[in-house]
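>>> With the input below, show me the fold.
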Amino acid sequence: MPITPATAATSSSNGTSPAILLELVDEEGNTIGTAEKLSAHQAPGQLHRAFSVFLFDEQGRLLLQRRALGKYHSPGVWSNTCCGHPYPGEAPFAAAARRTYEELGVSPSLLAEAGTVRYNHPDPESGLVEQEYNHLFVGMVQKPVLPDPGEISETAFVTPDELTELHGRATFSAWFMTVLDAARPAVRELTGPAGGW
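This is a model prediction of the structure:
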């Protein structure tokens, strides 16, 4: 399976970068085509493959990221450790590991599949729509993170109680609670019952 960026065949005549393509899927997660990334997120949205990663430290705290202010979608909001889209033909597991390293400068340990979830979340601020078939992954982070400032403005490790407090006062991504709730069984298996997740 290829793990290099899948892009449009040629750049536009004005010299802009080639468009990044996403994998469109049906309701069962079967690939049915591709679409340019931004167009796939424009209302009403096209159902496409995505992934979400939840990494924990040795104390069972969840690593959150605050998205960089320069992001075109959901800038400046808190979200799970890492999320994104596989390139067409790229395995979701490989995409999750790749993107975690690109954004946070660390490779996840014990990364494991945690199921899938399908959702439709409009973003009221941008008008974009997250129409996604999302592959979930949980794992550990065992080295210091080195966030890419173009992607991440801030990181934090939080306990369940600290997450509740932060969620009550800060803005989170529209998809955060949906993907966290769907991943909870695998999170509890990873962190143990004493973790409180």
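
>>> Return the backbone torsion pair for Lys71.
According to degrees, to the nearest 10, the main-chain angles of Lys71 amount to phi -70, psi 140.

>>> burial measure for it, as a count.
The burial metric for Lys71, expressed as a neighbour count using other CB atoms under 10 Å, is 15. Placement of C-beta: from N, CA and C, glycine included.

>>> Surely it touches Glu151?
Yes - taking contacts as CB atoms under 8 Å, Lys71 lies within contact range of Glu151: 7.3 Å.

>>> In the longest strand anywhere in the chain, which of the residues would be classed as buried?
If each strand of the chain is counted by residues according to DSSP state E, the longest one is strand 109-122. Taking 16 or more other CB atoms under 10 Å as the neighbour-count basis, strand 109-122 is seen to contain the buried residues 111, 114, 116-119, 121.

>>> Which of the helices or strands spans Met177?
For Met177, the element it lies in under DSSP states H and E is helix 176-191.

>>> Now do the buried residues in that helix.
Neighbour-count burial for helix 176-191, counted by 16+ other CB under 10 Å, picks out 176, 178-180, 182-183, 186-187, 190-191.

>>> That helix vs strand 109-122, what angle?
Orientation note: helix 176-191 sits at an angle of 160 degrees relative to strand 109-122 (axes from the mean of the first three to the mean of the last three CA atoms, to 10 degrees).

>>> now the helices: where do they sit in the chain?
Assigned by DSSP state H, the chain shows helices spanning 37-41, 92-104, 160-169, 176-191.

>>> packing partners for the longest one?
I take that to be helix 176-191. Counting contacts by 3 or more CB pairs under 8 Å, 6 or more residues apart in numbering; DSSP states H and E, the secondary-structure elements packed against helix 176-191 are strand 48-56, strand 109-122, strand 129-140.

>>> what does the shortest one give?
Helices and strands touching helix 37-41, by 3+ CB pairs under 8 Å, 6+ apart, are strand 21-25, strand 129-140.

>>> now swap in the third one and tell me
Using 3+ CB pairs under 8 Å, 6+ apart as the contact definition, the elements that helix 160-169 packs against are strand 62-67.

>>> The strand it packs on versus helix 160-169: what angle between them?
Put simply, strand 62-67 runs at 20 degrees to helix 160-169, going by the same axes, to 10 degrees.

>>> and strand 62-67, average pLDDT?
This predicted structure assigns strand 62-67 an average pLDDT of 97.

>>> helices or strands up against it?
Packed against strand 62-67, as judged by 3+ CB pairs under 8 Å, 6+ apart, are the following elements: strand 48-56, strand 78-79, helix 92-104, strand 152-158, helix 160-169.

>>> if you compare those, which one is most tucked away?
Across those, averaging neighbours per residue (mean count of other CB atoms under 10 Å) puts strand 48-56 on top, at a mean of 26.
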